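Participant: Next one to model:
(2 chains)
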Protein chains: 2
Amino acid sequence: MPEIRKDPITQAWIIIATERAKRPDDFKTDAKPEEPKNCPFCEGNENLTPPEIFSYRKEGSGKDNKGWWIRGFPNATPVLRIEGDIGSRGFGLFDYMNGIGAHEIIVETPNHNDTFATMTTNQIEKIFWGYRDRIIDLKKDTRFRYVLVFKNQGPLSGTSNLTHPFSQIIALPVTPKKIKEELDGARLHYQLKERCIFCDIINQELMTKSRVIVENDKVIAIMPYAPRFPFETWILPKQHCDDFTMVGKQEIMALADVTKRFFAKLYKVLGNPSFNVILHDAPNKIPQQGYWQTIKYDFHWHFEVIPRITKVAGFEWGTGFYINPMPPEVAAEALRNA
Amino acid sequence: MPEIRKDPITQAWIIIATERAKRPDDFKTDAKPEEPKNCPFCEGNENLTPPEIFSYRKEGSGKDNKGWWIRGFPNATPVLRIEGDIGSRGFGLFDYMNGIGAHEIIVETPNHNDTFATMTTNQIEKIFWGYRDRIIDLKKDTRFRYVLVFKNQGPLSGTSNLTHPFSQIIALPVTPKKIKEELDGARLHYQLKERCIFCDIINQELMTKSRVIVENDKVIAIMPYAPRFPFETWILPKQHCDDFTMVGKQEIMALADVTKRFFAKLYKVLGNPSFNVILHDAPNKIPQQGYWQTIKYDFHWHFEVIPRITKVAGFEWGTGFYINPMPPEVAAEALRNA
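Facilitator: The predicted structure follows:
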């Protein structure tokens, strides 16, 4: 019997289509890594990118030269512009504002074919520190309501043709709708229970264990109860915190450890999958905005990992009601055993 | 300067990425129609499908035989099952129910390579009458909250490998999230203005004309002000009505006329695009559900057409905040002139 499940945070429904169920192996892809050709993100090609905003580098190496571990610069074709004011206005029913924002790239490694599964935890730590540095800097700009950190990896992830691992950071003058829904859902739970819903979920998952993939004492990777996609995974800190920039050294180490172990398992089971990673973080705490008041208590930062291994059809677009042929309990078990 | 626009119904933000703007021609695809091979939906292969639920046929032709114009039957691999009760229950934080529902196919034409652009308006009318018949029948089942009508056409639409034009109907025990958001947004507007927001949008679009594609006296095709995708289009009745099953003969004729003219233009500009069509209709008016009371006044049925010509990346998935490189005014002008 297929099962219809409700996401406890956003109240979205999904179908676990047991009649169309597949084995975890059925989602395996054999996409081959490609040889870099004039890759602008490879070490030695720093002159092919805009000048760097920041980098973590070996001692003695110079800006926009070799010798870096991670490297950030503005996107050469940004979707938003950094200069100008928001200019919020309306025309009849319609509201609009200027496309003000920042759009940056963080190259995650000098090595073209590295992945989270093959990098050292030390390298992954550096990437997370890089995210934190840029979020802190961009949140100083009070025009921005939200700083979005995400990455697209692989040809099905919606990325451009660049295969070298990189993350993107977009600072926005509005809070995106799906983040707002999550904030609203988490707030509603807090108003009812005076507890964080993400903390409650972690506690329930730790009791049943069926959707837990990997954990250490500070960080846990679980599959959500009502995942939209096969192998969709959340990586969360065990200790409550709304704001990624508050993360400490030990937590970053633990996050890098869980991230590496999770992706090593994911690559083992799925081959070389395309995927997206999105940081769900608290919005910019600007006093005139309502969310800053209790968000410290009701929201919980986390990463969402979405392998892009199934097609999304008209049904999903039209409804927000997803059909998932892979029960998360089966997918989590396959990864635990990998 | 890129522009950030807000959808007046769902309050979702999108970016019109003028810096990445493309000409309408840049989205043209040259996918070739393929020859049918053992297509279960072609005339003469009726024995390859489940027995028909209904068909419109030439006089004297028999059930599950040649001689039909359109033909409906249960999906052979349904995502939901028709037998059983809902069995709504919970486990801690998590809610679930049995996957009860109906999942049907309507084959739109006996001819494998027909499209909305090449069919007669008379044939398109028959398809819409078929939708109406099935919605009326399925809404009699009070287990169902929503009857969803949609179609996926082309390899990028998320369809299975079947290229023969067909629509799908899924009856659901819950109202899908995106439909609920639209209902909520429309209701909010009604509470403020005592007017239907879709009627207000049609009136504003008829004044500016910049996003109107085709119209006749009863039906209009417009591009939404804040479209998520290039060439996204809504087809709406000009006269207010929440419920597709209330449509009259003249309105169906007008709907078929606008549909054919719109798709003829779409194919002319985009070649042979993949697309989704989704009917946004009122939910099942079950007395204990709150929506039935004023929905007659605040919702307005319509079709949404989403050409699938751009990749959707992590940014969109993670945020619900879409980047659209094609201003709807430019796309609408290209279609008007086609």
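Participant: Where does pLDDT dip in the stretch 201-338 of chain A?
Facilitator: For the stretch 201-338 of chain A, the stretches with pLDDT under 70 are A:288-292, A:313-315, A:318.
Participant: now the strands: where do they sit in it?
Facilitator: A:212-215, A:219-222, A:233-237, A:275-280, A:302-307, A:322-324 (DSSP state E, counting those that start in this stretch).
Participant: Of all those, which one is nearest residue B:140?
Facilitator: Nearest to residue B:140, of all those, is strand A:322-324, at 24.7 Å by Cβ to Cβ. (Each C-beta comes from the backbone N, C-alpha and C, glycine too.)
Participant: Which residues does that closest one contact?
Facilitator: A:12, A:14-17, A:20, A:227-230, A:310, A:312, A:315-316, B:79 (Cβ atoms under 8 Å, 6 or more residues apart in numbering or on different chains).
Participant: re the thing from before, output the strands of the stretch 201-338 of chain A in TSV, with mean neighbour count and distance to residue A:157 appended to each entry.
Facilitator: Output for the strands of the stretch 201-338 of chain A, formatted as TSV (neighbours: other Cβ atoms under 10 Å in any protein chain shown; distance: least, Cβ to Cβ, whole Å):
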stretch	mean neighbour count	distance to residue A:157
strand A:212-215	22	20
strand A:219-222	24	19
strand A:233-237	24	15
strand A:275-280	24	5
strand A:302-307	23	9
strand A:322-324	23	17
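Participant: Buried residues in the helix or strand containing residue A:181, which are they?
Facilitator: Residue A:181 is part of helix A:177-193 when elements are defined by DSSP states H and E. Residues A:177-183, A:185-187, A:189-190 are the ones in helix A:177-193 that count as buried (16 or more other Cβ atoms under 10 Å in any protein chain shown).
Participant: wait, does it make contact with chain B?
Facilitator: Yes: Helix A:177-193 reaches chain B (Cβ under 8 Å from any Cβ of the partner chain) through A:177-179, A:181.
Participant: buried set for stretch A:56-72?
Facilitator: In stretch A:56-72, counting by 16+ other Cβ under 10 Å, buried: A:57, A:68-72.
Participant: picking that back up, with respect to residue B:273, which of the contacts of strand A:322-324 is nearest?
Facilitator: Nearest to residue B:273 among the contacts of strand A:322-324: residue A:312, at 16.5 Å, using Cβ to Cβ.
Participant: gap between the closest one and chain B?
Facilitator: 5 Å (Cβ to the nearest Cβ, to the nearest Å).
Participant: hang on, that residue packs against residue B:156?
Facilitator: No: between residue A:312 and residue B:156 there is no contact under Cβ atoms under 8 Å: 10.3 Å.
Participant: Name the helix or strand for residue A:118, please.
Facilitator: Using DSSP H and E, no helix or strand contains residue A:118.
Participant: Likewise for the one 10 residues further on?
Facilitator: Under DSSP H and E, the secondary-structure element containing residue A:128 is helix A:121-139.
Participant: Residue A:161 now?
Facilitator: Using DSSP H and E, residue A:161 falls outside every helix and strand.
Participant: Helices of chain A, start to end?
Facilitator: Taking DSSP state H as the criterion, chain A contains helices spanning A:121-139, A:177-193, A:197-208, A:249-270, A:295-298, A:314-319, A:328-337.
Participant: now, of these, which is deepest in the fold?
Facilitator: helix A:314-319 (a mean of 23; mean count of other Cβ atoms under 10 Å in any protein chain shown).
Participant: Relative to residue B:66, how far out is the residue nearest in space to the middle of chain A?
Facilitator: Most central in chain A under Cα atoms, centre = their mean is residue A:278, positioned 1.6 Å from the mean C-alpha point. Going from residue A:278 to residue B:66 by Cβ to Cβ, to the nearest Å gives 51 Å.
Participant: show me what contacts residue A:275?
Facilitator: With Cβ under 8 Å, 6+ apart, residue A:275 has these contacts: A:153-154, A:157, A:266, A:305-308.
Participant: Sorry, wrong one. I was asking about residue A:2.
Facilitator: Counting by Cβ under 8 Å, 6+ apart, residue A:2 has contacts A:15-19, B:79-81, B:98-99.
Participant: Residue A:81 and residue A:75 touch, don't they?
Facilitator: No: using Cβ under 8 Å, residue A:81 makes no contact with residue A:75, being 11.0 Å away.
Participant: Give me the nearest residue to residue A:32, chain neighbours excluded.
Facilitator: Leaving aside its sequence neighbours, residue A:32 sits nearest to residue A:272 (Cβ to Cβ, 6 or more residues apart in numbering or on different chains; 7.2 Å).
Participant: ok, now residue A:108?
Facilitator: residue A:165 (4.4 Å).
Participant: Verify the stated contact: that neighbour with residue A:152.
Facilitator: No: checked against Cβ under 8 Å, the pair residue A:165 and residue A:152 is beyond contact range at 10.1 Å.
Participant: Of those two, which one has the most company?
Facilitator: residue A:152 (25 against 20; other Cβ atoms under 10 Å in any protein chain shown).
Participant: Verify the stated contact: that one with residue A:161.
Facilitator: No: Residue A:152 lies out of contact with residue A:161 (Cβ under 8 Å); the separation is 11.4 Å.
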